Every structure is written in C-alpha cells, then in structure tokens.
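> any chance you could fold what I've pasted below:
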Amino acid sequence: MRGIDRPLVVDVVRGESTAARVLTRARTLVDERQLEGRFHGGFAAALAALLAHRVDVAFGRTAERRRPLPDQLARRLIRWEPLGLLVTEDHEFARERALPVSMIKGLTVDTSAGNVAAPEWVELATELVEHFGGTPSPEHHPGMDAVAAAGADETAHHLRSTGWPIVSMLDVPPVPGARLVPFTDPVPLYPWTMVHRSELQHPGLAALVEAADAVAETERWLEVPADAWVADDDRGLIDGNGHPGTS
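Here you go, the predicted structure:
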C-alpha cells in the first residue's frame, strides 16, 4: 500500500458526483495514470470493496453511530451537499425556485428504498421525510443494487411510473421531463466524507486531499447554513460553533 508503482483505485459512487469532481481535479495535480475511478453506486458497497482491498479510497456518508468504521480506516469530511426534490415537469412543485421542506407533509416521497448499495442514503432520506411529515416510499428496487448509478432515462421512467417525487442531491445529471427543486427552510445536508486505510501513502491520495480542499474553499463546501437540517447520525461532524468537525 506504500508503493507508487500502481494506480490508486478510487470509488466515486457515480459519474458527476461530488467525489467524481474531486477525482477529476486530482488528476490535474499528478500523472492521471496514478488514479483510477470505480462506480459502486453507494458508500456501503464501496466500503465493502475497500475492506476487501479492491479499492483504496471511498467517498460517501459514513453514519458512524449506526455503523462505526473499523479502526484501521481514516475519515475526512469534504462537503456538506444540499438536497432537493426531483419532480416531473408538470408537478405543482416544478414551478418553485426553492421548496420549503414542510411542503412534503402528507406526500409519499421516494427515498430509494431497497437500495442495498447505499443504505446510508436511504436512512438519511427516510429520516428527513419522516421528520417533515412525509411517507417514505416502500421498497421497490428488487435486484437493483446501485440506484445512484442508474441513467437519467431510467430515473425519468421510474419517476413517471411511480408518481413519487424523489429526494435527491443537487449535483445529479439532468433528468428528461423532470426538475430538481432545492429544499429550503431548512436546508437538508448530506455529508460527503473521504475514507481510506490509515496507513495508506500514495501521491494520488495527496492529490485527492489537495483537490478536495481547493474546491471546498472555492465553492464553500464546508459551510453549514444557519438553517441547516442534519441527520442525527451526522451531528458529530459539526462542532458547537456550527463548523465542520474533524475525525
């Protein structure tokens, strides 16, 4: 793991994710052959690959109170990403520039239930929907492990066929016939962390850290809005002053 004669294998969940952006920038800082991307569609699946030594770095929500990370792993918070609601373009919410989260009260909302590749996402989305009076969708993805890796056309089909709005990160690719409306009052946040084995040393890892720090400073990724909503398992990532904590 200390050698530099092989590329660092990095899971970024899906294309165009926060993690994928960090990987793209990191490749400008070192010989791009030192970094290889993987797409497991969720942190739980990526973590299993990390522990099996199939990948070296994974990104996503760790939710350590529910599933503590093994002692041999190190974690670094890189972003608080705001969330929104994906709706069909003819939905009443599609006209809104931003949507108060309280508006989901009484609605069935898709939380990607059944996505075993990303239970950390399902748990956050379910907690959010229930907290604001909505009903989380039932399990509906049998055999579809990596919902996050589904293409835009498949997401559009699922949105139309179920009729359920979908809780979503804001960096997802555009979905045909749909609109992603940012949540507000409060702003729900998803914590992106970078996880790797503590003893890992590789130029690619240093490049990932430098890239994440640079984008976080430029785009204010680590700022927590005053009206933020954070899941219970993620509160430990914020200190008493509302700043990102360390781990």
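
> so what does the longest helix anywhere in the chain touch, helix or strand wise?
For the chain, the helix that runs over the most residues, judged by DSSP state H, is helix 203-219. Under the contact definition 3 or more C-beta pairs under 8 Å, 6 or more residues apart in numbering; DSSP states H and E, helix 203-219 sits against strand 8-11, helix 18-26, strand 35-38, strand 73-88, strand 187-197. For the C-beta atoms, the positions are set from N, CA and C on the backbone; glycine is no exception.

> which residues touch the helix or strand following it?
Using DSSP states H and E, the helix or strand that directly follows helix 203-219 along the chain is strand 228-229. For strand 228-229, the external contacting residues (C-beta atoms under 8 Å, 6 or more residues apart in numbering) are 80, 101, 128, 131, 186-189.

> just the buried residues from those residues, in ChimeraX please.
Of the contacts of strand 228-229, the buried ones can be selected in ChimeraX as follows, counting by 16 or more other C-beta atoms under 10 Å:
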select :80,101,128,186,187,188,189
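
> same list (the contacts of strand 228-229) but as a markdown table, adding distance to I166.
Output for those, formatted as a markdown table (distance: C-beta to C-beta, whole Å):
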| residue | distance to I166 |
| --- | --- |
| W80 | 20 |
| V101 | 14 |
| L128 | 12 |
| H131 | 17 |
| P186 | 19 |
| V187 | 18 |
| P188 | 14 |
| L189 | 17 |
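
> returning to what we had before: who touches the longest helix of the chain?
Against helix 203-219 from outside (C-beta under 8 Å, 6+ apart): 4, 7-8, 10, 21-23, 25-30, 34-35, 56-57, 76, 78-79, 194, 196, 221-222.

> what does stretch 151-168 give?
Defining contact as C-beta under 8 Å, 6+ apart, one finds that stretch 151-168 is touched by 83-88, 91, 93, 104, 107-112, 125, 128-129, 137, 140, 150, 173-178, 180.

> now those residues: which count as buried?
83-88, 91, 93, 104, 108-112, 125, 128-129, 137, 140, 150, 175, 178, 180.

> quick one: which of those residues sit in strands?
Secondary structure assignment by DSSP state E places 83-88, 108-109, 178, 180 of the buried ones among the contacts of stretch 151-168 in strands.

> only whichever of the contacts of helix 203-219 are buried, select them in ChimeraX.
For the buried members of the contacts of helix 203-219, the matching ChimeraX selection, counting by 16+ other C-beta under 10 Å, is:
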select :7,8,10,21,22,23,25,26,27,29,30,34,35,56,57,76,78,79,194,196,221,222
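
> helices and strands of this structure: which one bottoms out on pLDDT?
helix 152-162 (a mean of 87; mean pLDDT, DSSP states H and E).

> now find how far off-centre that one is within its chain.
Centre-to-centre, helix 152-162 and its host chain are 20 Å apart (C-alpha atoms, centre = their mean, to the nearest Å).

> quick check: angle from that helix to strand 73-88?
Computed with axes from the mean of the first three to the mean of the last three C-alpha atoms, to 10 degrees, the direction of helix 152-162 lies at 60 degrees from that of strand 73-88.

> just to revisit the earlier point, farthest pair in the contacts of strand 228-229?
Using C-beta to C-beta, the two most remote members of the contacts of strand 228-229 are W80 and H131, lying 17.4 Å apart.

> next secondary structure after the least confident helix or strand of the chain?
As assigned by DSSP H and E, the chain's next helix or strand after helix 152-162 is strand 166-169.

> quick check: buried residues in that next one?
For strand 166-169, burial by neighbour count (16+ other C-beta under 10 Å) applies to 166-169.

> could you single out the nearest of those residues to P68?
M169 (24.3 Å).

> just confirm the closest one contacts L83, I think it does.
Yes: contact criterion C-beta atoms under 8 Å: M169 and L83 qualify, at 6.1 Å.

> overlap in contacts, those two.
Joint contacts of M169 and L83 (C-beta under 8 Å, 6+ apart) are Y190.
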